[in-house]
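*Asks:* turn this into a model:
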Amino acid sequence: MLIGYIRVSKSDGTQTLAPQRDALLEAGIDPSRIYEDMASGRHDARPGLTACLKSLQPGNTLVIWKLDRLGRDLRHLVTTAEDLRSRGIGLKVLTGAGAQIDTTSANGRLAFGIFAAFAEFERELIAERTHAGLTAARARGRMGGRPRKMNRTTLAMAMAAMSDRNAVAADVAKRLGITTTTLYVYVNGDGTPKAPGQALLDAIPTRQLQSQAA
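*Replies:* Next up is the predicted model:
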């Protein structure tokens, strides 16, 4: 059985699902078996994809228009495809750079294997760059690797960054040198301070206490 998934990034009317739906219908997919989302592939929740993946059964084939309709990035795409393979589910791409991918055929599995190899190469490069960065930091006298604690300056920057509705918490935390858990202890998703954050903002700096004591 063929199951389809289609997606556009915007729901403001500037993008339409029609071309993707037409392509899937032409590929022989029943209209009732096409799942859809109007959401950014990287940041937004995708309930249509979640429902689609849950509905798939061994022997089914998931059909998508292009590779970027499915994965948030290359690694996510490979992970999703590997999960499908382990469940006995095929993946077929109709057009674009991945048009040769059809994991129900030998040639299609070979094409996907090339993408998987690139994903592994990307992971190794990231690990290598991280190791090199830590080594350079240690050479300059910075041990690195351990997130710093939240202070008022970092909190102010975190609040400003999180006030952007497109901000990704993990990216904000990484830029500030803290963990995502620490970020969410102090800041809400809309950039407003939580109780610990407000307490930190309201705290009297040590220098001011010393001045008052003098």
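*Asks:* alpha carbons only for contacts and neighbour counts from here, please
*Replies:* Will do.
*Asks:* what residue spans form the domains of this protein?
*Replies:* Domain assignment for the chain by automatic domain parsing gives 2-118, 152-203.
*Asks:* adding mean pLDDT, write those out as TSV.
*Replies:* Listed next are the domains of the chain as TSV, based on pLDDT from 0 to 100:
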stretch	mean pLDDT
domain 2-118	82
domain 152-203	87
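*Asks:* got these as a markdown table, with mean neighbour count columns?
*Replies:* Below are the domains of the chain laid out as a markdown table (neighbours: other Cα atoms under 10 Å):
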| stretch | mean neighbour count |
| --- | --- |
| domain 2-118 | 17 |
| domain 152-203 | 16 |
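*Asks:* list the contacts for the closest residue to Pro58 other than its chain neighbours?
*Replies:* Distances taken as Cα to Cα, 6 or more residues apart in numbering place Gly88 nearest to Pro58, at 4.6 Å, with adjacent residues excluded. Shown in contact with Gly88 (Cα atoms under 8 Å, 6 or more residues apart in numbering): 57-60.
*Asks:* from those, which is closest to Ala27?
*Replies:* Asn60 (14.3 Å; Cα to Cα).
*Asks:* pretty sure the closest one contacts Gly4?
*Replies:* No: assessed by Cα atoms under 8 Å, Asn60 is found out of contact with Gly4, at 10.4 Å.
*Asks:* strands of this structure, start to end?
*Replies:* 2-8, 34-38, 61-64, 90-93 (DSSP state E).
*Asks:* nearest to Thr181, out of those strands?
*Replies:* Nearest to Thr181, of all the strands of the chain, is strand 34-38, at 28.9 Å by Cα to Cα.
*Asks:* ok, the closest one: who's next to it in the sheet?
*Replies:* Applying DSSP bridges, strand 34-38 is found paired with strand 2-8 (parallel).
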